[in-house]
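Engineer: need coordinates for the below:
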Amino acid sequence: MSDFDAIIIGSGMSGGWVAKELSERGLKVLVLERGKEIVPERDYKDTIPKPDRPNLDWVAEDELEEHYPIQRKVAGYAINTSSKQYFIKDSENPYEVTEGSDFRWMRASNTGGRSVLWWRQSWRFSDFDFGANANDGIGIDWPVRYDDIKPWYDYVERFAGIAGNMDGLPQVPDGVFQPPFAMTPPEELLRDTLKEHFPTRHVIQTRTANLTAPTDEQLALGRGQCQSRMQCYEGCSFKAYFSSLNATLPAAMNTGNCTIVNDAIVHSIDYDADANRVTGVKVIDQKTKETSSYTAKLIFVNASAVASAMILLQSKSEAFQNGLANSSGQVGRNLMDHISSPGVSAISNKNMDVTTFGRRPNGVYIPRYGNVTEMDKPYKRGFCFQMESHPVSEHLGSRPGLGREFKEAHRQPGPWKFNARAVAPVLPDNNNSVSLHPSKVDQWGLPLALFHTEHQENELILMQEAQKDIVEMFEKAGFTDIVAPEIDVSALGNEIHEMGTARMGEDPTQSVLNKWNQAHDVPNLFITDGSFMNSASTQNPSLTYMAFSARAAQHAADLLGEGAL
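Structural biologist: This next block holds a predicted model:
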């Protein structure tokens, strides 16, 4: 007799969806979270005025350097005394990189994982993305196409709540949206400029997982409308942005079928060779370092693309001497992320009599046009632009002065600052990988992650061409004071979109998972975090993780009900 019907390793973006779907199907579900418990009503700090917070919310430089050196490189803007509870301490959780590599691993260690910290950009993949590998002859082909996933995009968008606009662009398919946030005047100016001078390029509202018109289902979960405070990374007591902590985990817990265990670091997954089934999970208590085990009929691994690969590699047996479900040798390989380069900024001196209300949780976006509507580019795939603008007066210190005159100056309309950064995919590369360190272990006795990553020439070309394009677009819009820093392609991991370490495919000799996120080698093992991705897109991937997770969970429940697992 198993302890549970299903064990889910990880409570973040994808794990929360699996917990919701399986619990609502009546399965008894255990969610294992390696980090501490977070209770929104107790732990969110966003409603505490900054003057009432320790050190006015500033974190001492020596504390950042000692405990968060990697986290601050990736997300330093979000680390303050109120939000640092969500970030893992690098000092207590080391990893290694091979010579010449520079991988930056941003991690959370709490209920909800990094879904508490994400930037909430919610884009569907299109057939340009699902067909990219086959068309370019890179990596292996996706075993699905857009029409296979479209109903699941609809499903997760409706529950999560995505603010956006119907734009009619095939590279970013439309979905189920709540009303979008408004554009600022300079954003509208750039949009109109592109219509005149670059008709194949489009400025659209960023699609963001913030509620603007909550449904009855969302209100019943205690979620409310976005207040445009831009305090999202502190948790949001209104629960207006989607996270597993705000939405899917509460839905799972409401069924009475879900149990969450915190401080549970997964040591390995047990495998029964005679039955060809995984049977349970060994865990180490983060605080006491005591070990225990749980059993289940099926297991979902949702610890993140890096951590999930590490768990599989650690789960060795006589049948799988190179790691669980790794007969293909692909576990840990084809590690991908997005890349970016320092943003280009400019000033617009038009509409200087207009100001804004509140602080939107998003900006605007130029979807990929390279090799979609503009062909024969000197690079593979393409890039998008993530952009925002604000009155210069909104930023303290942007005008000189002291006292009353200084304060009044910052209340007045004035010029607009416009920022744009290009984002592009890293192509699948078998050599970009994470593996078990051969000799070093962490404080729990588990091998450290060892990363090997290299930039490709295509990535540099993408960033060079992107900067050239956005400068030209800014000039056509009449923007001034354009600042375009020297090109510096970001390290892998810097965009926090790790993907590809247990890719899906039709051929078991070249892939770890089938089209249902089910391991080729072990039928009752599923992986639905970023590990399954065959390729990256210009679009942020979290919405795709959600759709595949809901789809795989329902498929697994069906198989279990049929007695196939």
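
Engineer: after the lowest-mean-pLDDT helix or strand in the chain, heading C-terminal, what element do we hit next?
Structural biologist: One helix or strand of the chain scores below all others by mean pLDDT, DSSP states H and E: helix 403-409, with a mean of 70. Using DSSP states H and E, the helix or strand that directly follows helix 403-409 along the chain is strand 416-425.

Engineer: convert the helix or strand following that next one to PDB, retaining C-alpha atoms only.
Structural biologist: Stepping forward along the backbone from strand 416-425, the first helix or strand reached (DSSP H and E) is strand 433-441. Only the C-alpha atoms of strand 433-441 are listed here, as PDB (Å, rounded to 0.1, in the frame of the first residue of the first chain):
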ATOM      1  CA  SER A 433      25.000  20.900 -19.300                       C
ATOM      2  CA  VAL A 434      24.700  20.300 -15.600                       C
ATOM      3  CA  SER A 435      26.100  17.200 -14.000                       C
ATOM      4  CA  LEU A 436      27.000  15.900 -10.500                       C
ATOM      5  CA  HIS A 437      30.300  17.200  -9.200                       C
ATOM      6  CA  PRO A 438      32.700  14.200  -9.000                       C
ATOM      7  CA  SER A 439      34.000  15.100  -5.500                       C
ATOM      8  CA  LYS A 440      32.300  18.000  -3.800                       C
ATOM      9  CA  VAL A 441      29.100  17.700  -1.800                       C
END
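
Engineer: same question for strand 433-441: list its buried residues.
Structural biologist: 433-437 (16 or more other C-beta atoms under 10 Å). C-beta coordinates here come from the backbone N, C-alpha and C atoms, glycine included.

Engineer: could those residues go into JSON lines alongside distance to residue 529?
Structural biologist: As requested, the buried residues of strand 433-441 are arranged in JSON lines below (distance: C-beta to C-beta, whole Å):
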{"residue": "433", "distance to residue 529": "17"}
{"residue": "434", "distance to residue 529": "14"}
{"residue": "435", "distance to residue 529": "18"}
{"residue": "436", "distance to residue 529": "19"}
{"residue": "437", "distance to residue 529": "22"}
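
Engineer: would JSON lines of those with distance to residue 8 and pLDDT be doable?
Structural biologist: Formatted as JSON lines, the buried residues of strand 433-441 follow (distance: C-beta to C-beta, whole Å; pLDDT from 0 to 100):
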{"residue": "433", "distance to residue 8": "25", "pLDDT": "97"}
{"residue": "434", "distance to residue 8": "21", "pLDDT": "98"}
{"residue": "435", "distance to residue 8": "25", "pLDDT": "98"}
{"residue": "436", "distance to residue 8": "23", "pLDDT": "98"}
{"residue": "437", "distance to residue 8": "27", "pLDDT": "98"}
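
Engineer: now for these: which two are most distant?
Structural biologist: Farthest apart among these by C-beta to C-beta are 433 and 437. That separation is 12.6 Å.

Engineer: tell me the one of the buried residues of strand 433-441 nearest residue 176?
Structural biologist: Distance to residue 176 across these (C-beta to C-beta) is lowest for residue 434, with 35.0 Å.

Engineer: skipping adjacent residues, who's closest to the closest one in space?
Structural biologist: residue 332 (4.9 Å; C-beta to C-beta, 6 or more residues apart in numbering).

Engineer: that neighbour against residue 313, yeah?
Structural biologist: Yes. Judged on C-beta atoms under 8 Å, residue 332 makes contact with residue 313 at a distance of 6.0 Å.

Engineer: so which of these two has more stuff around it?
Structural biologist: The neighbour comparison of residue 332 against residue 313 (other C-beta atoms under 10 Å) goes to residue 332, with 30 against 22.

Engineer: okay, that one: pLDDT?
Structural biologist: pLDDT for residue 332: 98.

Engineer: that one and residue 450, how far apart?
Structural biologist: In this view, residue 332 and residue 450 are 9 Å apart by C-beta to C-beta, to the nearest Å.

Engineer: check which helix or strand residue 292 maps to.
Structural biologist: Assigned by DSSP H and E, residue 292 falls in strand 291-301.

Engineer: strand partners of that strand, parallel vs antiparallel please.
Structural biologist: Paired neighbours of strand 291-301 in the sheet (DSSP bridges): strand 4-9 (parallel), strand 277-285 (antiparallel), strand 525-527 (parallel).

Engineer: mind giving me the packing neighbours of the helix or strand following that strand?
Structural biologist: Toward the C-terminus, strand 291-301 is succeeded by helix 305-314 as the next helix or strand (DSSP H and E). Judged by 3 or more C-beta pairs under 8 Å, 6 or more residues apart in numbering; DSSP states H and E, the packing partners of helix 305-314 are strand 264-272, strand 291-301, strand 433-441, strand 447-452.

Engineer: sort out which residues of the first one are buried, please.
Structural biologist: Think strand 264-272. 264-271.

Engineer: what angle do that strand and strand 277-285 make?
Structural biologist: Orientation check (axes from the mean of the first three to the mean of the last three C-alpha atoms, to 10 degrees): strand 264-272 against strand 277-285 gives 150 degrees.

Engineer: quick one on the thing from earlier: dump the helices and strands packed on helix 305-314 into JSON lines; add distance to residue 501 as well.
Structural biologist: Below are the helices and strands packed on helix 305-314 laid out as JSON lines (distance: least, C-beta to C-beta, whole Å):
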{"stretch": "strand 264-272", "distance to residue 501": "15"}
{"stretch": "strand 291-301", "distance to residue 501": "11"}
{"stretch": "strand 433-441", "distance to residue 501": "6"}
{"stretch": "strand 447-452", "distance to residue 501": "11"}
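
Engineer: so which of those strands is nearest residue 75?
Structural biologist: strand 447-452 (18.2 Å).

Engineer: quickly list what residue 7 is bridged to.
Structural biologist: Bridge pairing for residue 7 - DSSP bridges - gives residue 30, residue 299.

Engineer: thought it was touching residue 28?
Structural biologist: No. Under the criterion of C-beta under 8 Å, residue 7 makes no contact with residue 28, lying 10.2 Å away.

Engineer: between the two, point out the one with more neighbours.
Structural biologist: residue 7 (27 against 18).

Engineer: that one and residue 564: what is the separation?
Structural biologist: From residue 7 over to residue 564 the distance is 18 Å, taken as C-beta to C-beta.

Engineer: same check on residue 344?
Structural biologist: From residue 344 to residue 564 the distance is 53 Å (C-beta to C-beta).

Engineer: show me the helices in this protein, by range?
Structural biologist: 13-24, 40-43, 61-67, 69-75, 127-130, 132-136, 146-160, 185-197, 216-220, 249-254, 305-314, 403-409, 457-476, 542-561 (DSSP state H).

Engineer: least reliable of those by average pLDDT, please.
Structural biologist: Across those, the lowest-scoring stretch is helix 403-409, with a mean of 70.

Engineer: picking up where we left off before, determine which stretch of the helices of the chain is the most buried.
Structural biologist: helix 13-24 (a mean of 29; mean count of other C-beta atoms under 10 Å).

Engineer: from the contact counts, what lies against that one?
Structural biologist: strand 4-9, strand 29-32, helix 249-254, helix 542-561.

Engineer: export these to TSV and tack on distance to residue 420?
Structural biologist: Listed next are the helices and strands packed on helix 13-24 as TSV, based on distance: least, C-beta to C-beta, whole Å:
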stretch	distance to residue 420
strand 4-9	38
strand 29-32	39
helix 249-254	35
helix 542-561	21
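
Engineer: residue 284: which of the ones you listed is closest?
Structural biologist: Closest among the helices and strands packed on helix 13-24, using C-beta to C-beta: strand 29-32, at 10.9 Å.

Engineer: picking that back up, out of the helices and strands packed on helix 305-314, which gets nearest to residue 385?
Structural biologist: strand 447-452 (28.2 Å).

Engineer: let me know the angle separating the closest one from strand 433-441.
Structural biologist: Using the same axes, to 10 degrees, one finds that strand 447-452 and strand 433-441 are set 140 degrees apart in direction.
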